[in-house]
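Undergrad: structure, please.
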Amino acid sequence: MDAAVTNHGISFAVGVAEDESLQAAYGANGLPTAVLIDRRGVVRYAGPGAEDPGFEGALRQCLDESD
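TA: You can find the predicted model right below:
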């Protein structure tokens, strides 16, 4: 994972667990998995990210919320 982050110039936080705890907590069932966590710490989206039509809607909704 470290090599992928470096090779792709990823500048956001990437979580990697030694076991499958993150996969279980966020519903990650493939790579890549994008997890959108709102300002209150609530998971609002977990899935493939930009290729999923639901991602943009969830992102816009989170950005439009004040707190």
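
Undergrad: show me where the chain has strands.
TA: 34-37, 43-47 (DSSP state E).

Undergrad: just the buried positions in the helix or strand of the chain with the lowest mean pLDDT, please.
TA: Ranked by mean pLDDT, DSSP states H and E, the weakest helix or strand in the chain is helix 21-26, scoring a mean of 76. When burial is assessed from 16 or more other C-beta atoms under 10 Å, helix 21-26 yields the following buried residues: residue 26. Just so you know, the C-beta spots here come from the backbone N, C-alpha and C atoms, and that holds for glycine as well.

Undergrad: JSON lines for the strands of the chain, including distance to residue 2, mean neighbour count and mean pLDDT?
TA: Formatted as JSON lines, the strands of the chain follow (distance: least, C-beta to C-beta, whole Å; neighbours: other C-beta atoms under 10 Å; pLDDT from 0 to 100):
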{"stretch": "strand 34-37", "distance to residue 2": "19", "mean neighbour count": "16", "mean pLDDT": "87"}
{"stretch": "strand 43-47", "distance to residue 2": "22", "mean neighbour count": "17", "mean pLDDT": "88"}
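
Undergrad: can you redo those as a markdown table with distance to residue 3?
TA: Output for the strands of the chain, formatted as a markdown table (distance: least, C-beta to C-beta, whole Å):
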| stretch | distance to residue 3 |
| --- | --- |
| strand 34-37 | 19 |
| strand 43-47 | 24 |
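
Undergrad: and those: which comes nearest residue 16?
TA: Of all the strands of the chain, strand 34-37 sits nearest to residue 16, with 12.6 Å by C-beta to C-beta.

Undergrad: where's the closest one relative to the chain centroid, distance-wise?
TA: 3 Å (C-alpha atoms, centre = their mean, to the nearest Å).

Undergrad: direction included, what does it pair against?
TA: According to DSSP bridges, strand 34-37 has the following sheet partners: strand 43-47 (antiparallel).
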